[in-house]
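Asks: Give me a model of this one.
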Amino acid sequence: MSPKRSGGALASRRKAVDAVPRAPWSEKASQDKSELDLLVYRSNLLGQDPTIVNWRGGTTSAKTEHVDLAGRTSKVLWVKGIGSDLRTVTAKDFVGLRLDDLLLLEPREAVSDDEMVVYVHQSLLRPDFPEPSIETLLHAFLPFAHIDHTHPDAVLAYCTVRGGEHITREVFRDRVVWIPYQRPGFALSRDVAVAIRSRPKAEAVFLAKHGLVTWGDSARASYEKTLAVVTEAERGIARRATTVAFGGPRVEAVEARRRDEIFTALLPAVRGAVSAHRPAVLHTDAATDVLEFVSSEQLTRLAPVGAPGPDHLVHTKHLPCLVSAPPGASPDRLIRAAVDAVGRYINQYRGYVAGCHKSGDPEGDPAPRVILLPGLGMVTTGPAKDAAVRTADLYHRAIAVMRGATALGTYTSVSPQEAYDVEYGPLDLSMLAQAPPPRELSGRVAVVTSGAGVIGRAITERLSAEGAHVGVMDLDAGGAQEVAEGLEARHGSGRGLALPADATSEEQVADSFRRMILAYGGIDIVVINAALALARPVEETSAVEWDRVFGVLARGSFLVAREAFRVMKAQGRGGALVFLTSKNALLAGTNSSAYNAAKAAEQHLMRSLAEEGGPASIRVNAVAPDAVLVDSKIWSGEWRRARAREFGIEERDLDEFYRNRTTLKVNISPEDVAEAVFFLVSSRAAKTTGCTLTVDGGIPGAYPR
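Replies: Residues are numbered from 1 along each chain as shown. Here you go, the predicted structure:
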């Protein structure tokens with residue numbers, strides 16, 4: 001399909017650009033603030049706008065004076081530290097450095113990255129400051145009190161278009177200094193400073209393939225200059241946008257419900273393919289701009305060009321993975337095409353590394369971060385859900401840059417070697433290294449049934465604390481939501497998902513697993529923690545009660561395990577199931593025949609599935625607790641009263657009774673059970689299946705044999 005002209009679309013686009021709302025500077029909000037506080041305020045304003053500042057991207061600074069304990073006054077550069085985000089940055093995220101010490105480097109002809117890092121650390125006012133920005137010297141060498149370095153979509157369009165220096169001069173005349181591409185570091189910082197000295201009336205710097213530098217005599221002047229340059233760049237693009245974006249559609253976007261059906265079938269196989277090096281969590285994105293791009297005529301020409309610059313590619317990698325099968329293809333064909341595309345990408349990435357690497361470089365994950373599917377959208381990958389979401393956010397920005405660059409001319413990117421030098425450069429690796437080390441279950445996805453109960457809560461917390469993303473399945477919708485929100489509050493965005501469901505319903509169980517696939521791409525761990533007890537002599541047990549107990553404990557366990565097997569086999573990388581059975585599954589108690597029999601059914605289902613799952617590397621084990629009395633719903637009602645009557649004791653004495661009947665003379669807590677579950681799903685039990693781990697303090701009659 002050839003590009004089409006559309007006057008109406010162009011008029012709408014120009015109007016939208018002219019009307020971009022941006023936060024104005026508030027004199028009231030900035031009153032009586034120190035220069036550092038104003039730097040924080042300015043940074044937060046800039047960070048609110050994703051078209052100007054990428055996540056954790058951009059660097060702001062201010063130069064002040066500092067009086068030390070000895071009464072000596074020195075000039076100080078305050079600059080944003082690595083790992084912080086301008087939208088949420090606070091004063092503690094900025095680094096203070098002795099400016100005169102930094103300026104001593106400017107006359108040098110060359111300084112290596114390692115030398116620069118050591119010297120910058122030696123210039124810190126305090127050793128406990130965050131890691132300084134990789135662009136610290138850029139801010140030090142420029143003779144301005146306030147500096148903003150950002151990566152606006154519109155400016156990057158000029159910085160990535162072929163002939164960008166000429167086009168920039170047409171729009172901005174001599175008010176902008178153009179700097180050819182260099183990786184961030186000493187050389188770039190010095191070259192920018194030299195260029196500014198020769199052009200004292202310049203108002204901004206465009207860094208090819210990199211971004212924008214602006215400045216001002218005050219915090220407000222610097223902020224408003226950034227907004228003015230970005231707005232002028234946007235209007236320049238709008239005036240040149242004479243064709244439909246990306247050449248118009250090549251394929252039709254798939255309807256939302258059908259898209260979810262396709263992703264449900266597709267994502268587990270894709271997740272298995274991208275998890276060869278490390279477990280990955282997936283995120284799907286079918287926003288309007290993504291669908292426009294992946295469905296366009298120019299997709300296969302633009303996507304392989306590469307990332308707009310360093311700030312993008314450290315999160316997205318240089319290239320995305322393109323899946324060639326049309327969206328109308330059968331699910332099986334689409335799955336094969338996607339898995340094959342990931343395989344080719346991994347091989348090509350390894351070739352890219354082999355052709356660019358230097359001795360001592362670390363080994364990287366060869367799997368793609370961004371997968372583009374025509375008509376369907378984008379799948380992004382990461383070690384955690386929030387990382388996959390951030391990668392998607394960065395690719396939205398890349399799409400915006402490509403849109404602007406193609407309006408101006410021909411989009412370009414850095415070379416493979418330049419991309420590699422960023423991706424594996426010591427400065428950028430140090431930025432990524434600010435993240436905490438991965439926990440044992442990082443990248444894993446778990447489902448816990450009866451997750452809102454006392455034992456379920458303890459299990460979800462234990463798994464989440466070790467890095468897992470947890471689906472909380474429970475009939476109690478409010479309880480499941482509460483637990484999921486608590487996991488996110490304590491362990492991070494995307495780490496909990498409420499799954500209100502009746503485990504005895506085929507449809508609701510299947511829907512819960514479908515939701516987990518769409519949220520995370522698949523499942524690695526399933527804890528079947530069905531909870532229902534009945535204390536009744538057999539002659540007083542109705543068929544309805546019997547069926548209800550078996551429905552929850554036996555049928556429900558079967559339905560959940562069946563869905564787990566389906567997803568895990570589709571992933572092709574194994575998995576772990578843990579059944580929460582009971583001491584009663586091993587040693588029958590009186591007046592609880594329905595419960596005993598149903599738990600025994602669970603126990604033998606576990607053994608059966610251990611055999612069935614073995615060839616697919618699916619491990620199936622059980623934890624058999626006894627008398628978890630603390631805050632238990634089971635132990636707060638008739639079951640508790642019946643047990644006390646049977647033993648001829650008061651209800652308040654049950655804790656002591658159960659403690660004294662154990663070999664170890666202990667009571668069992670929900671956390672004890674959770675610890676056993678964690679062991680069985682961890683790498684420590686990688687060669688264990690068909691096992692029952694008792695957590696009962698020692699009940700001789702229930703010793704497994």
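
Asks: pretty sure Ala570 is touching Ala269, no?
Replies: Yes. Under the criterion of Cβ atoms under 8 Å, Ala570 is in contact with Ala269, at a separation of 5.7 Å. Bear in mind the C-beta positions are built from the backbone N, C-alpha and C, glycine included.

Asks: domain parsing for this structure?
Replies: 7-240, 256-432, 445-626+668-694, 628-667 (automatic domain parsing).

Asks: and Ser275, how far is that from Tyr520?
Replies: Taking Cβ to Cβ, to the nearest Å as the criterion, Ser275 is separated from Tyr520 by 12 Å.

Asks: So for those two, which residue has more residues nearby?
Replies: Set side by side, Ser275 and Tyr520 show unequal neighbour counts under other Cβ atoms under 10 Å, the larger going to Tyr520 at 27 against 23.

Asks: who does the closest residue to that one other than its chain neighbours bridge with?
Replies: Distances taken as Cβ to Cβ, 6 or more residues apart in numbering place Val445 nearest to Tyr520, at 4.5 Å, with adjacent residues excluded. Judged by DSSP bridges, the bridge partners of Val445 are His469.

Asks: isn't Val445 right up against Gly467?
Replies: No. In this structure, Val445 is not within contact of Gly467 by Cβ under 8 Å, at 10.6 Å.

Asks: more crowded one of the two?
Replies: Neighbours around Val445 and Gly467, counted as other Cβ under 10 Å, are more numerous at Val445. The numbers are 30 against 20.

Asks: returning to what we had before: state the pLDDT value of the residue nearest to Tyr520.
Replies: According to the prediction, Val445 has pLDDT 98.

Asks: show me what contacts it?
Replies: Under the criterion of Cβ atoms under 8 Å, 6 or more residues apart in numbering, the contact list for Val445 reads 281, 468-471, 516, 520-525.

Asks: Apply 7 Å and report the result again.
Replies: 281, 468-469, 516, 520, 522-524 (Cβ atoms under 7 Å, 6 or more residues apart in numbering).

Asks: same question, Ala616
Replies: Ala616 is in contact with 568-569, 574, counting by Cβ under 7 Å, 6+ apart.

Asks: Point out the ones among those residues that are inside helices.
Replies: With helices taken from DSSP state H, the overlap with the contacts of Ala616 comprises 568-569.

Asks: which of the contacts of Ala616 has the most neighbours?
Replies: Among those, the one with the most neighbours (other Cβ under 10 Å) is Met568, at 25 neighbours.

Asks: Adding distance to Thr504 and pLDDT as columns, could you present the contacts of Ala616 in TSV?
Replies: Formatted as TSV, those follow (distance: Cβ to Cβ, whole Å; pLDDT from 0 to 100):
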residue	distance to Thr504	pLDDT
Met568	22	98
Lys569	23	98
Gly574	27	97
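
Asks: now, which of the contacts of Ala616 sits nearest Tyr119?
Replies: Each of the contacts of Ala616 was scored against Tyr119 by Cβ to Cβ, and Gly574 proved nearest at 48.8 Å.

Asks: Assess the claim that that closest one and Gly614 are in contact.
Replies: No. Counting by Cβ atoms under 7 Å, Gly614 is not a contact partner of Gly574; they are 9.7 Å apart.
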